[in-house]
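Trainee: predicted structure and sequence below. I'll ask about it afterward.
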Amino acid sequence: MYEQTTITFGIRGPLARSDLPGLCDRVCALLESSHATLALCDVGGIGADAVAVDALARLQLAAYRHGCQVRLHRCTPSLRDLVAFMGLADVLVE
């Protein structure tokens with residue numbers, strides 16, 4: 001059993017759909033090596049578009065599979081609104 005750990009990382013844009021597999025691989029490696037239970041993701045550097053929300057949903061799913069939860073940090077109102085519009089407000093939380 002691992003002690004509760006919080007890690008932080010950031011995502012910068014612009015994001016292209018082709019960036020998502022590599023981004024997920026890097027975050028999964030970080031989660032696996034840290035055994036974190038909470039990951040604070042700085043999203044202040046990404047735009048509010050469908051690719052960004054897709055990336056965040058994938059990261060949340062990957063974190064869940066590693067026993068972790070991603071929380072968004074520095075989320076812009078436009079990104080927050082898009083997440084809510086896409087029905088993911090309960091999954092992608094601040």
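Mentor: That came through, no problem.

Trainee: just the buried positions in the helix or strand harbouring Asp42, please.
Mentor: Secondary structure assignment for Asp42, by DSSP states H and E: strand 38-45. Judged by neighbour count (16 or more other CB atoms under 10 Å), strand 38-45 contains these buried residues: Ala39, Leu40, Cys41, Val43. From N, CA and C alone the C-beta is placed, and that goes for glycine too.

Trainee: contacts for that strand, please.
Mentor: 4-13, 27, 30-31, 52, 56, 59, 63, 68-76, 79 (CB atoms under 8 Å, 6 or more residues apart in numbering).

Trainee: that older thread, using CSV, lay out the buried residues of strand 38-45 together with distance to Leu20 and pLDDT.
Mentor: As requested, the buried residues of strand 38-45 are exported to CSV (distance: CB to CB, whole Å; pLDDT from 0 to 100):
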residue, distance to Leu20, pLDDT
Ala39, 17, 95
Leu40, 20, 96
Cys41, 14, 97
Val43, 14, 96
